[in-house]
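Q: Need coordinates for the below:
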Amino acid sequence: MNPPWLLPAFVLLISYLLGSIPFGLLLTRVTGAGDLRQIGSGNIGATNVLRTGRKGLAAATLLLDLLKGATAVLIGAALIDNGGPMAGAMAFIGHCYPLWLRFAGGKGVATMMGVVTALHWPAGIVFAVVWLGALFGTRWSSVGGMAAGISAPIAMWFMDRIDLVPVTLAMTLILLWRHRANIARLAKGTEPKIGAAKG
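A: Okay, here's the model as predicted:
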């Protein structure tokens, strides 16, 4: 008889490993766009992929990072009662802190959107609208991502999904921490806008 902790541990591990797949880094290497960690901000997310000039690769990175978060939620929900939030959070952590890259991962915005959407799709729509609105309104990728992250627990609260507030709030705090350098640059007025060479 298997111990009761075995399946939850398996789900957590699979979710972390799924989230830690660095799609942006893999896509840029395969297509000859270079080592993403040596380009722009050095981040492995879609915004930095865009700095390679490959819009298609950036879109693919965004979609794949989103899908890995959503997939983890679905796997967790299928294998464990109410396991979606736990699995989604682990995928998000995997993206931000992947073992393969010495825990130096992405900011987590796209993956968090995938998690939020899979957990409660109306909140996912709010996330996307806030993200795009703040992004195009300010032309700061970091502001769009942070605003979207902050919107998630707020949306869950007002949509009466109080059960999902803790996990989305935890992801938001990690997301903001991952943006701490961007916050410092915003305070100094040196944060580059979309289209700049560095960030």
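
Q: Can you report how many residues neighbour the residue nearest to Gly144 when sequence neighbours are not counted?
A: Once flanking residues are discounted, Gly144 sits nearest to Leu135: 3.0 Å by Cβ to Cβ, 6 or more residues apart in numbering. C-beta: built from backbone N, CA, C; applies to glycine. Around Leu135 there are 20 other residues, counting by other Cβ atoms under 10 Å.

Q: just Ala9 next, same as before
A: Residues near Ala9, counting by other Cβ under 10 Å: 11.

Q: Could you measure from it over to Phe103?
A: Distance from Ala9 to Phe103, counting by Cβ to Cβ, to the nearest Å: 20 Å.

Q: Next: Gly189.
A: Note on Gly189: its distance to Phe103, by Cβ to Cβ, is 30 Å.

Q: Which one's more surrounded, those two?
A: Counted by other Cβ under 10 Å, Gly189 and Phe103 do not tie: Phe103 has more neighbours, with 11 against 6.

Q: OK, contacts around that one?
A: Phe103 makes contact with Tyr97 under the criterion Cβ atoms under 8 Å, 6 or more residues apart in numbering.

Q: Got phi/psi on it?
A: Per-residue torsions, Phe103: phi 70, psi 20 (degrees, to the nearest 10).

Q: how about low-confidence regions in this structure?
A: Filtered on pLDDT under 70, the chain yields the residue ranges 1, 40-42, 53, 195-199.

Q: repeat that with 90
A: 1-5, 23-58, 61, 100-105, 192-199 (pLDDT under 90).

Q: mind listing what the residue nearest to the spatial centre of it touches?
A: Among the residues of the chain, the one closest to the centroid is Gly108, at 2.4 Å (Cα atoms, centre = their mean). Gly108 is in contact with Phe92, His95, Cys96, Gly149, Met171, Ile174, Leu175, Arg178, counting by Cβ under 8 Å, 6+ apart.

Q: Show only the entries of these found in helices.
A: Phe92, His95, Cys96, Gly149, Met171, Ile174, Leu175, Arg178 (DSSP state H).

Q: Of those, which pair is most distant in space?
A: His95 and Gly149 (13.0 Å; Cβ to Cβ).

Q: Show me which of these two is the more surrounded one.
A: Using other Cβ under 10 Å as the criterion, His95 and Gly149 rank with His95 on top: 32 against 28.

Q: and that one, how far is that from Gly105?
A: From His95 across to Gly105, the span is 5 Å (Cβ to Cβ).

Q: Could you report the separation of the nearest residue to Leu176 once chain neighbours are set aside from Gly94?
A: Distance criterion Cβ to Cβ, 6+ apart; nearest residue to Leu176, sequence neighbours excluded, is Met146 at 6.1 Å. To Gly94, Met146 is 20 Å away according to Cβ to Cβ.

Q: Which one's more surrounded, these two?
A: Between Met146 and Gly94, counting by other Cβ under 10 Å, Gly94 is the more crowded of the two (28 against 24).

Q: Now do the shared contacts for His95 and Gly105.
A: Ser20.

Q: close enough to count as contact, Tyr97 and Gly105?
A: Yes. If you go by Cβ atoms under 8 Å, Tyr97 and Gly105 touch, sitting 5.5 Å apart.
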